[in-house]
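Novice: Predicted model follows, preceded by the sequence.
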Amino acid sequence: MLKKRILAVLTVKDGLVVQSIGFKKYLPVGKPEIAVDFLNRWGVDEIAINVIDASRRGRVERELLERVSEFCFVPLTYGGGIRSVEDMKELVQAGADKIMLNSLFRQSPEMVSEGARHFGNQAMVVSIDCVKTPQGYRAWDHLSRKALQESPVEHVKRAEACGAGEIFLNSVDEDGRGRGYDLELAREVAQAATVPVILCGGVGHASDIAAGLAVKNVAAAAVGNFFHYTEHSVTLAKAFLKAGGIPLRLDTYFNYAESKFDGEGRLVKKPDHALKEMLFEFHPMEKI
Amino acid sequence: MKSASPPQIAIVEYGMGNVRSVQNALEKLGSRAVITADPAALAAADGLVLPGVGAFGLAMENLRGRGLVECLNRQVLEREQPILGICLGMQLFAERSFEMGEYEGLGWIPGRVEKIDSLSRLQVPHVGWNETTPGAENPLYRNIPADSHFYFDHSYHFACEPGFTASTVSYGHDLVAAVRKKNIFGVQFHPEKSQSAGLRILRNYLNFVGGGC
């Protein structure tokens, strides 16, 4: 059976992974290659790298992608600063499996079809940032920092018609807030989309991921900040979700299958005697 | 532990997709992997990998344009050099494909490439992690835990003759996930993008290339 996917999003600014809050505040996390290496070991299903200052610099971060792809044995998506099919070619050569377009789709939608012709529809992801306005949800332009006329659903329909293989749906309001995904937005878009929809923005607890994946037609949950601050964050979240009956891949060497979680998905401390026993357990490195 | 030098792998470069990931994965496993379209370099390798993402017609055109079809036929069919096809690379082993037209393939394994039947009301493409069911003894599946997941990303599938199916994946119907015919191996999923389970598949291929078992 096909599983729901858990993506890690690395927001990169000035060459560093950052924590992003509300699309305007950024706190440094660390080197992208180190984050990618750990996320891989912890069993993430996919990684998306979003270079937020690439548009302003006017170039794609090829070297960065080459560096991280060495540690990445799951699908890798790159977004940021893409202006042409030549850029896309360069990125695919550097190790990208999928290309994520945001402002380029708004400026020249034909670039999605153009990219799909070269790399297939499955390689083209259109990312849409959304805000809630008194008139309902609206797509948002991060360059002008303004809401657009178009609704998210209209935006998605247009992206699909151009050949987008997946939709990456981001909530500007919930970004970095840790209050959970904007589920109303998710429902609105997932219902209308015919290609897989990836939710992003707002996860503060593993239970928020469960709520997002429970929305009909949502194929994947993307997580940014929440994965950066705990050891084995991905594995723990997956173990909690799997225990809750969500079909997921949990193939890691360590899987927390025996562990207990609280309602929000936090690991419950084992009794002292159990921890004492674990002190002397030997776990060799996995050999392949 | 065998002390013999690790097998040398040549990854066929023909302008289709992310070959660097395949090289990264093989090098992580300690093998030497070169990306090349040079017939001499392909012939000199212990084993070949034919990767590929994109459209079937364009892929065959690129292989022909680089004069690689004769070279691959000679190496794989006559000299029985091992080859592993990945995703589109595996589909190219078919006799023909119906992806956006009708195209002739390499014709090494009887069967044709067809669109995944969306009558089953499932989303096409088939994107994400899924389990496979291996058939009888297959060197690629040694030491692979039964519940391992692999990363799939495809809209077309290889409907090959049952005798050559090495494993299947369930997506509405049972689709071919891996094929084998003597020295010819193919997988529909991306082992280079399927973490530990995928690396194990590549390890098994390297063992086959190195030891011929």
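Specialist: That came through fine.

Novice: what's the neighbour count on residue 156?
Specialist: In the absence of a named chain, this looks at chain A. A:Val156 is flanked by 25 other residues according to other CB atoms under 10 Å in any protein chain shown. C-beta: built from backbone N, CA, C; applies to glycine.

Novice: my bad, chain B
Specialist: Neighbours around B:Tyr156, by other CB under 10 Å: 25.

Novice: following the helix or strand in which A:Asn170 is found, which helix or strand comes up?
Specialist: Assigned by DSSP states H and E, A:Asn170 falls within strand A:166-171. Later in the chain than strand A:166-171, the nearest helix or strand by DSSP H and E is helix A:183-192.

Novice: helices or strands next to that following helix in the packing?
Specialist: helix A:152-161, strand A:166-171, strand A:197-200, helix A:206-213 (3 or more CB pairs under 8 Å, 6 or more residues apart in numbering or on different chains; DSSP states H and E).

Novice: Is chain B within reach of the first one?
Specialist: It refers to helix A:152-161. No - Helix A:152-161 stays clear of chain B (CB under 8 Å from any CB of the partner chain), getting no nearer than 11.9 Å.

Novice: again, but for stretch A:250-263
Specialist: Yes - Stretch A:250-263 comes into contact with chain B (CB under 8 Å from any CB), by way of A:251-253.

Novice: if you average pLDDT over that stretch, what comes out?
Specialist: Stretch A:250-263 carries an average pLDDT of 89.

Novice: returning to that earlier point: quick check: mean pLDDT of the strand holding A:Asn170?
Specialist: 96.

Novice: what's the answer for stretch A:194-214, then?
Specialist: 96.

Novice: what does stretch B:159-177 contact?
Specialist: Outside stretch B:159-177, the residues within contact range by CB atoms under 8 Å, 6 or more residues apart in numbering or on different chains are A:1-2, B:94, B:109-114, B:116-117, B:119-120, B:122, B:126, B:130-135, B:138, B:140-141, B:150, B:152, B:157-158, B:178-181, B:185, B:187-189.

Novice: got the buried residues for it?
Specialist: B:159-160, B:164-169, B:171, B:175-177 (16 or more other CB atoms under 10 Å in any protein chain shown).

Novice: Which of those sits closest to chain A?
Specialist: When these are compared for distance to chain A (CB to the nearest CB), B:Tyr171 wins out at 6.3 Å.

Novice: What helices and strands are in contact with the helix or strand harbouring B:Leu84?
Specialist: Here B:Leu84 sits within strand B:83-86, counting by DSSP H and E. Judged by 3+ CB pairs under 8 Å, 6+ apart, the packing partners of strand B:83-86 are strand B:47-50, strand B:184-187.

Novice: what about A:Ala116, which helix or strand?
Specialist: Judged by DSSP H and E, A:Ala116 forms part of helix A:110-119.

Novice: Just after that helix, pick out the following helix or strand.
Specialist: Following helix A:110-119 toward the C-terminus (DSSP H and E): strand A:124-133.

Novice: That following strand vs strand A:166-171, what angle?
Specialist: Strand A:124-133 and strand A:166-171 meet at an angle of 20 degrees, taking axes from the mean of the first three to the mean of the last three CA atoms, to 10 degrees as the criterion.

Novice: For strand A:124-133, the averaged confidence score.
Specialist: On average, strand A:124-133 scores 96.

Novice: Same check on stretch A:53-72?
Specialist: pLDDT averaged over stretch A:53-72 gives 92.

Novice: Pull the CA coordinates from that stretch and hand them back as CSV.
Specialist: Provided in CSV are the C-alpha atoms of stretch A:53-72 (Å, rounded to 0.1, in the frame of the first residue of the first chain):
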residue,chain,number,x,y,z
ASP,A,53,17.2,34.6,-0.8
ALA,A,54,18.0,33.0,-4.2
SER,A,55,15.4,35.1,-6.1
ARG,A,56,16.9,38.3,-4.8
ARG,A,57,20.4,37.1,-5.7
GLY,A,58,19.2,36.0,-9.1
ARG,A,59,20.9,32.6,-9.2
VAL,A,60,20.3,29.0,-8.1
GLU,A,61,22.5,27.5,-5.4
ARG,A,62,24.1,24.7,-7.4
GLU,A,63,27.1,24.2,-5.1
LEU,A,64,24.9,23.9,-2.0
LEU,A,65,22.7,21.3,-3.8
GLU,A,66,25.8,19.3,-4.8
ARG,A,67,27.0,19.4,-1.2
VAL,A,68,23.8,18.1,0.3
SER,A,69,23.0,15.6,-2.4
GLU,A,70,26.0,13.6,-1.2
PHE,A,71,24.1,12.8,2.0
CYS,A,72,20.7,12.5,0.6
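
Novice: right, is it up against chain B?
Specialist: Yes - for stretch A:53-72, a contact with chain B is found by CB under 8 Å from any CB, at A:66, A:69-70, A:72.

Novice: Mind putting these into JSON lines with secondary structure and neighbour count?
Specialist: Listed next are the residues of stretch A:53-72 next to chain B as JSON lines, based on DSSP: H, G, I helix; E, B strand; the rest coil; neighbours: other CB atoms under 10 Å in any protein chain shown:
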{"residue": "A:Glu66", "secondary structure": "helix", "neighbour count": "16"}
{"residue": "A:Ser69", "secondary structure": "helix", "neighbour count": "24"}
{"residue": "A:Glu70", "secondary structure": "coil", "neighbour count": "17"}
{"residue": "A:Cys72", "secondary structure": "coil", "neighbour count": "27"}
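
Novice: Which of those sits closest to B:Leu26?
Specialist: Distance to B:Leu26, by CB to CB, is smallest for A:Glu70 among the residues of stretch A:53-72 next to chain B, at 12.3 Å.

Novice: The closest one against A:Glu33, yeah?
Specialist: Yes - using CB atoms under 8 Å, A:Glu70 is in contact with A:Glu33, at 7.4 Å.

Novice: Not counting its neighbours along the chain, what's nearest residue 62?
Specialist: Using chain A here. A:Ala94 (4.9 Å; CB to CB, 6 or more residues apart in numbering or on different chains).

Novice: switch to chain B, that's the one I care about
Specialist: B:Tyr14 (4.4 Å).

Novice: Give the full set of residues in contact with B:Phe93.
Specialist: B:85, B:105-109, B:158, B:179, B:184, B:186.

Novice: Buried ones among the residues you listed?
Specialist: B:85, B:105-106, B:108-109, B:158, B:179, B:184, B:186.

Novice: Quick check: the residue positioned nearest the centre of chain B vs B:Gly211, distance?
Specialist: Closest residue to the average C-alpha location of chain B: B:Gly85 at 2.1 Å, with CA atoms, centre = their mean. Here the criterion is CB to CB, to the nearest Å. By it, B:Gly85 lies 21 Å from B:Gly211.

Novice: before we move on, what about B:Glu13?
Specialist: 27 Å.
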